[in-house]
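Participant: Sequence and predicted structure are below.
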Amino acid sequence: MALACLLTLVACGEDAGHPKATTTATEPGTCDESKPGAPGAWKPVLTEFRSYLETSGPAGVQDHVKDAKLRDCPGGDREANILTDYDPHLDAPDVDTETKEKADQVAQAFTEWRDQKFHDEGWVYVINGAVETVSKRAW
């Protein structure tokens, strides 16, 4: 069920770690519906991101990345959700230090990839199977 929810995040609404796109402009990293336009559709970027991880990312990280999606937000920002198999007990946001560090590595690798290849800006959320945010980072 959680994976089905991830695949249709826009339809799933609000969850504990990643608010629905109804937040204000003061909350960075979420599509802001007060800006003209609507969030774009989620686009898969798993293949490209895993390729980057295999050549330039931390060792072994690509095996833990299970899905990666990106969408454009009103105002020109972007946001991404990276599903990993970290936090297997679905404890976010109360994950142990080791799990948090691993999720942070994924977030950092994603931001480096986007910065180096695309020179764009946005927010990445590393999430678990319950669509809870384990790590969040701007790029």
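Facilitator: Perfect, thanks for sending it.
Participant: which element is the residue nearest in space to the middle of the chain on?
Facilitator: Most central in the chain under CA atoms, centre = their mean is Asn81, positioned 2.2 Å from the mean C-alpha point. Per DSSP states H and E: Asn81 is located in strand 78-84.
Participant: Now do that strand: which elements does it pack against?
Facilitator: helix 2-7, strand 65-72, helix 97-117, strand 123-127 (3 or more CB pairs under 8 Å, 6 or more residues apart in numbering; DSSP states H and E). (C-beta placed from N, C-alpha, C; glycine too.)
Participant: most tightly surrounded among those?
Facilitator: strand 123-127 (a mean of 26; mean count of other CB atoms under 10 Å).
Participant: what's near enough to touch the residue located most distally from the centre of the chain?
Facilitator: Most distant from the centre of the chain: Pro36, at 23.0 Å, with distances by CA atoms, centre = their mean. Each residue near Pro36 by CB atoms under 8 Å, 6 or more residues apart in numbering is listed here: Pro74.
Participant: pretty sure it belongs to a helix, no?
Facilitator: No - Pro36: not assigned to a helix; according to DSSP: H, G, I helix; E, B strand; the rest coil it is coil.
Participant: Would you check how far apart it and Gly75 are?
Facilitator: 8 Å (CB to CB, to the nearest Å).
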